[in-house]
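Trainee: From the sequence below, what's the structure:
(one chain, ligands or ions: 2)
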Amino acid sequence: MGTVESQIATQVTDGFHLVIDALKLNGIDTIFGLPGIPITDFTRMAQAAGLRVISFRHEQNAGNAAAIAGFMTQKPGICLTVSAPGFLNGLTALANATTNCFPMILISGSSEREIVDLQQGDYEEMDQLAIAKPLSKAAFRVLHAEDIGVGVARAIRAALSGRPGGVYLDLPAKLFAQTMDAEAGKKSLIKVIDPAPKQIPGADAVKRALDLLKGAKKPLIVLGKGAAYAQADAEIKSLIEKTGIPYLPMSMAKGLLPDTHEQSAAAARSYVLPEGDVVMLVGARLNWLLSHGKGKTWGGKGHKDWGGQKFIQIDISPQEADSNVRIDAPVVGDIGSCVSALLAGIGSNWVKPPADWLGAIAERKNKNVAKMAETLAKDPRPMNFHSALNVVRDIVKANPEAILVNEGANALDFTRSIVDMYKPRKRLDVGTWGVMGIGMGFSVAAAVVSGQPVIAIEGDSAFGFSGMEVETLCRYNLPVCVVVFNNNGVYRGTDVNPTGGPDVAPTVFVKGARYDKLIEAFGGVGVHATTPAELRKAMEEAIRSRKPTLINAVIDETAGTESGRITSLNPTSGKKK
Ligand code: ADP
Ligand code: TZD
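Mentor: Ligands and ions are numbered 1, 2, ... in the order given. Down below sits the predicted model:
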């Protein structure tokens with residue numbers, strides 16, 4: 001190349017580099033994705049530019065990784081996909097991120113605009129922007145290189161501000177190769193200032209909430225995953241301890257305070273929900289996971305009746321209050337600011353809740369804990385959920401920094417109630433949708449983002465949704481210990497085909513499958529464990545060695561119940577046999 005030509009070359013940038021520069025300028029250091037037309041070179045250039053590019057075997061897993069990275073870091077997790085089918089594969093994760101209030105950006109290449117819009121049949125043709133819109137918090141398309149800075153900035157702001165969510169960014173193939181003057185390109189980029197601005201609650205709203213709390217005889221605090229996301233850990237701990245109010249952690253809020261905390265009412269859940277008179281929700285929605293705030297769970301007579309308790313709701317979304325039942329004291333703002341304002345109002349002479357309320361909770365709790373200890377101490381053959389989880393419980397206790405990923409039905413419900421968490425944001429699970437398939441995507445991201453060991457407790461059905469990513473675990477040599485609770489099927493392995501035909505029942509898998517062999521194909525450690533002692537040894541070794549490990553934990557195939565704890569949500573046939 002001649003001197004003049006090379007000078008010109010150095011003064012030019014293009015779409016590829018502008019997108020990478022825009023992400024880096026905004027502190028993005030990792031991309032989760034899957035290469036192909038039109039983004040293959042983009043992944044190479046991103047890696048060359050120092051971004052960590054984690055490649056997956058299926059876009060849904062890359063998307064789940066991005067979503068949970070967003071939850072863990074308060075930075076939008078980036079998922080990168082190819083056009084149409086790759087985009088659609090990633091879209092489930094984007095919709096799930098929006099549903100769960102996780103900040104994520106799905107960046108997808110797309111095909112030739114003119115051909116797509118005239119529906120002339122391009123390679124991987126699809127109007128992706130239109131399809132993404134109803135499933136995301138916001139969706140943008142960039143057509144010109146000089147707009148990349150604005151496009152990325154808008155995507156980041158939309159993902160992080162207010163209630164976080166999933167954002168779609170459409171980058172047509174032609175954009176990547178567009179060139180522009182390097183200096184002008186640099187100037188066009190935007191470093192987003194204060195992407196998640198504090199939202200201070202109104203003084204009157206705070207006072208209303210405090211007045212209600214002060215008058216309560218049986219107050220209760222419910223911590224949700226919004227409280228975990230907010231990273232206001234010290235303030236929340238202080239609020240709980242200064243008020244002395246018992247609290248319930250929702251699944252992903254476990255560990256915000258150690259589950260062994262004396263004010264945790266988790267082991268007395270079915271007592272405190274109907275009995276409490278003032279309930280303060282902190283980053284938790286009154287959706288199906290809390291029985292919509294009404295019905296028998298809350299002391300109502302029928303399934304639509306209110307229990308009569310009063311609610312305080314702390315949430316960043318001004319539209320959340322009253323979505324299911326009346327909220328008597330909405331406090332709208334970010335959790336850090338809201339909890340700080342409450343703390344300031346509480347002062348130093350707050351009167352703790354009445355002793356009879358605390359005593360009644362302690363009594364139920366102690367009884368339930370003792371009953372559970374008895375069950376956990378049993379050592380049945382074959383191993384069941386309880387005896388296996390007794391091991392997991394000890395391992396997590398000994399390794400409180402480890403991140404626990406969890407999916408399945410029984411494998412989910414039993415793990416949530418048996419395995420105590422000790423630190424914030426260490427439990428990652430199926431979330432608001434109860435979606436299967438988050439397992440390996442969450443595990444990869446958890447290991448990549450935190451560097452800590454990851455333990456994934458997986459139902460055998462749940463594991464199958466993302467199981468191919470064990471290759472990804474091995475490829476990046478991630479310290480992930482996958483434990484497949486293998487009970488030969490969905491929920492359990494005992495259903496039979498009523499016709500007596502050769503097909504097995506719809507919920508049944510190959511009996512005695514050896515999931516441990518899967519990871520061995522890629523150089524990972526596979527272990528077949530049929531007793532708690534074998535499981536314990538294998539988990540200890542996995543944590544110690546930090547080698548990608550898959551333990552096939554054989555569970556009694558009769559042990560599970562239909563849909564775990566939510567069997568009542570199954571419709572029943574009205575037709576008499
Ligand atoms: P869970 O499933 O644990 O009950 P949800 O996902 O239903 O939790 O609720 C989380 C709530 O937290 C959402 O309503 C969301 O708007 C809110 N939220 C998320 N981040 C923040 C924040 N930083 N400050 C205040 N509220 C938040
Ligand atoms: N598909 C998706 C995407 N999400 C779902 N939640 C389901 C299907 C339905 N489903 C559940 O709700 S749990 C579950 C399915 C298929 C698997 C349960 O079996 P498992 O766990 O082996 O994972 P247990 O421990 O045997 O119950």
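Trainee: For ligand 2, what's the nearest residue on the chain?
Mentor: Nearest residue of the chain to ligand 2: residue 459, at 2.1 Å (CB to the nearest ligand atom). C-betas here are computed from N, CA, C, even on glycine.
Trainee: Is it correct that that residue is in contact with residue 415?
Mentor: No - with contact defined as CB atoms under 8 Å, residue 459 does not count as touching residue 415 (9.7 Å).
Trainee: where does residue 106 land in three-state SS?
Mentor: strand (DSSP: H, G, I helix; E, B strand; the rest coil).
Trainee: so what's it bridging to?
Mentor: Going by DSSP bridges, residue 106 is paired in beta bridges with residue 79, residue 168.
Trainee: Just give me the neighbour total for it.
Mentor: The number of residues packed near residue 106 is 35, by other CB atoms under 10 Å.
Trainee: hang on, isn't it packed against residue 169?
Mentor: Yes - under the criterion of CB under 8 Å, residue 106 makes contact with residue 169 at 7.0 Å.
Trainee: Assign residue 458 to helix, strand or coil.
Mentor: Secondary structure, three-state DSSP: residue 458 is strand.
Trainee: Leaving aside the residues adjacent along the chain, what's closest to residue 302?
Mentor: The shortest distance from residue 302 to any non-neighbouring residue, by CB to CB, 6 or more residues apart in numbering, is to residue 295 (7.2 Å).
Trainee: On the C-terminal side of the helix or strand of the chain with the lowest mean pLDDT, identify the next helix or strand.
Mentor: The weakest-scoring helix or strand in the chain, judged by mean pLDDT, DSSP states H and E, is helix 3-10 (a mean of 55). The helix or strand immediately downstream of helix 3-10 is strand 12-14, counting by DSSP states H and E.
Trainee: low-scoring pLDDT stretches of the stretch 401-550 of the chain, where are they?
Mentor: For the stretch 401-550 of the chain, applying pLDDT under 70 flags no range at all.
Trainee: Helices of that one, start to end?
Mentor: 410-418, 439-450, 460-464, 470-475, 516-520, 532-545 (DSSP state H, counting those that start in this stretch).
Trainee: And the last one, what does it pack against?
Mentor: Just to be clear, that refers to helix 532-545. helix 385-398, strand 480-486, strand 525-529, strand 549-554 (3 or more CB pairs under 8 Å, 6 or more residues apart in numbering; DSSP states H and E).
Trainee: Tell me which of those is the most buried.
Mentor: Of all the helices and strands packed on helix 532-545, strand 480-486 carries the top mean neighbour count, a mean of 30, counting by mean count of other CB atoms under 10 Å.
Trainee: got any ranges where the chain has weak pLDDT?
Mentor: Along the chain, the parts satisfying pLDDT under 70 run over 1-10, 576-577.
Trainee: Longest helix in it, please.
Mentor: For the chain, the longest helix by residue count, based on DSSP state H, is helix 355-377.
Trainee: Looking at this structure, which residue is nearest ligand 1?
Mentor: Ligand 1 sits closest to residue 226 of the chain, with a gap of 1.9 Å, by CB to the nearest ligand atom.
Trainee: Phi and psi next, for that residue.
Mentor: The phi/psi pair for residue 226 (degrees, to the nearest 10) reads phi -60, psi -40.
Trainee: Next up, the contacts around it.
Mentor: 101, 282, 283, 284, 315, 316, 335 (CB atoms under 8 Å, 6 or more residues apart in numbering).
Trainee: Among those residues, which pair sits farthest apart?
Mentor: 101 and 282 (13.6 Å; CB to CB).
Trainee: If you count surrounding residues, which of these two has more?
Mentor: residue 282 (29 against 25).
Trainee: who's in contact with that one?
Mentor: 221, 222, 223, 224, 226, 227, 236, 314, 335, 339.
Trainee: Tell me, how many residues neighbour the last one?
Mentor: The burial count assigned to residue 339 is 26, neighbours taken as other CB under 10 Å.
Trainee: And for it, nearest residue in space, chain neighbours not counted?
Mentor: Spatial nearest neighbour of residue 339, chain neighbours left out: residue 235 (4.3 Å); criterion: CB to CB, 6+ apart.
Trainee: which stretch of helix or strand covers the one you found?
Mentor: helix 233-243.
Trainee: So which bits of that helix are buried?
Mentor: Going by neighbour count (16 or more other CB atoms under 10 Å), the buried part of helix 233-243 is 233, 235, 236, 237, 238, 239, 240, 243.
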